[in-house]
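*Asks:* fold the following for me, if possible:
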Amino acid sequence: MPAIMPSILQLLLAALVIGAAFSDLKWRRIPNWIPASGFAAGIILNTYFHGWAGLTSSLAGALLGAGILMAIYLTGGMGGGDVKLLAAVGAISGPQALLVIFVLTGLFGGIAALAMVAARGRIGQTLARTTMLLGSFARLNWSGIQQRSNRQAEGALRLPYGAVIATGTLVFLFASRVPIG
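*Replies:* Numbers count the residues shown, from 1 in each chain. Next up is the predicted model:
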C-alpha cells in the first residue's frame, strides 16, 4: 500500500479513536460496535482503494494489532475493548503504520501511567509491584503475572487505554501530514 493513507481512511481512523476515547473516558468501556465498525470499514475501504494488497494489509494490521495486546489482556492487565480497538486501528492503517502508532501509544501510555501514579502518591508501591511482576515474567510464573497485573484487583489503578491509543493514533496522523525536509 502507498505510504500515505487516502483522506477518507485518515478521517475514519480519527473518528474511530476519538469515539473510543470518549467512551473509555466517560464510561470506562469501549462498546463492541466501535471497533467492529472500524474493522469492517477498514477492510472494505482498503480493499476498494488497493485491491487484494489492501485486503491483505488490512487483515495483517488487524492481526498484528490484536496480537500486540493479547498477552496483556490474557493476564488481566487490560480490557478486551482496548485489544479490539488496536485491531481496528490496524485494519484501517495497515501493519507498517500500526507499528509506529503502537510505539507512540506506548510512549504516551508510559507518560500517562507515571502521571497517574504520581498524582495518587503511589510511586513506591507501583515500583515494588512492577519489580515483582518482572520477576514473575523472568520465572515464567503465569499465576504471579496474572495476580500482579490484574486490573480488577482491589486498589488497582486503571488507565483508560482507549484514550491513550487515540492519542498515539492522532499524533501519528498529524505527524504523517507534516512535510519533512
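*Asks:* only C-alpha atoms from now on, for both contacts and neighbour counts.
*Replies:* Noted.
*Asks:* and Leu140, helix, strand or coil?
*Replies:* coil (DSSP: H, G, I helix; E, B strand; the rest coil).
*Asks:* nope, Met5 is what I was after
*Replies:* Three-state call for Met5 (three-state DSSP): coil.
*Asks:* let me see the contact set for it.
*Replies:* Counting by CA atoms under 8 Å, 6 or more residues apart in numbering, Met5 makes contact with Ser93.
*Asks:* now Ala91: phi and psi?
*Replies:* Main-chain dihedrals, Ala91, degrees, to the nearest 10: phi -60, psi -30.
*Asks:* who are the packing partners of the biggest helix by length in the chain?
*Replies:* When the chain is scanned for its longest helix (criterion: DSSP state H), the result is helix 33-74. Identification of packing neighbours for helix 33-74 by 3 or more CA pairs under 8 Å, 6 or more residues apart in numbering; DSSP states H and E yields helix 7-27, helix 80-93, helix 95-119.
*Asks:* now do that helix: distance to the chain's middle.
*Replies:* In terms of CA atoms, centre = their mean, to the nearest Å, the centre of helix 33-74 is found 13 Å from the chain centre.
*Asks:* any idea how far the residue nearest to Ser176 when sequence neighbours are not counted is from Leu173?
*Replies:* Spatially, and ignoring its direct neighbours in sequence, Ser176 is nearest to Ile4 (7.7 Å; CA to CA, 6 or more residues apart in numbering). Using CA to CA, to the nearest Å, Ile4 is found at 10 Å from Leu173.
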